[in-house]
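**Q** 3D, please:
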Amino acid sequence: MAAENRPGRKPGNQRRWVADVKSDSTHPPPGLFTKDAATIARTLASRAVSPKGPVSGLRMLTYFINRAGKGLDAGRRTELEKAKKLLSDRIHKRGKK
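**A** Residues are numbered from 1 along each chain as shown. Below you'll find the model as predicted:
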């Protein structure tokens, strides 16, 4: 589907939706997304970074990956995907208690 045909898009606007996001609520520590997967998952699950819980942290991580787009190198993307898996496992484990 072309960008012009998507609902809510202005004709000729080829940018991705993440480029239009202007809201700002929580802030992960600087340099967090350059660390190892376990550290990223643990930090994003903490109440200090994600006051609404680990689901909020998972959304932050997914947003970061989407925002980085094609500019993210393969090794870093792999580590971030591992962090997503760890965080997702934590969420599912917590929900089954």
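**Q** low-confidence stretches in the protein?
**A** The model of the chain has pLDDT under 70 over residues 1-19, 21-25, 96-97.
**Q** just the helices in it please.
**A** Along the chain, counting by DSSP state H, helices occupy 37-45, 54-68, 74-95.
**Q** quick check, residue 80 in contact with residue 60.
**A** No: at 11.2 Å, residue 80 does not count as touching residue 60 under the criterion of CB atoms under 8 Å. Using the backbone N, CA and C atoms, a C-beta is placed for each residue, glycine as well.
**Q** tell me who's in contact with residue 57.
**A** Residue 57 makes contacts with 41, 43-46, 49-50, 87, as judged by CB atoms under 8 Å, 6 or more residues apart in numbering.
**Q** now tabulate those residues in TSV and tack on neighbour count and distance to residue 74.
**A** TSV is the format used below for the contacts of residue 57 (neighbours: other CB atoms under 10 Å; distance: CB to CB, whole Å):
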residue	neighbour count	distance to residue 74
41	22	20
43	19	23
44	26	22
45	20	25
46	13	28
49	18	26
50	22	27
87	26	20
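**Q** go through these and say which is closest to residue 28.
**A** Distances from residue 28 to these, taken as CB to CB, are shortest for residue 49 (5.3 Å).
**Q** can you tell me the closest non-neighbouring residue to that closest one?
**A** In this structure, residue 49 finds its nearest non-sequential neighbour in residue 28, 5.3 Å apart by CB to CB, 6 or more residues apart in numbering.
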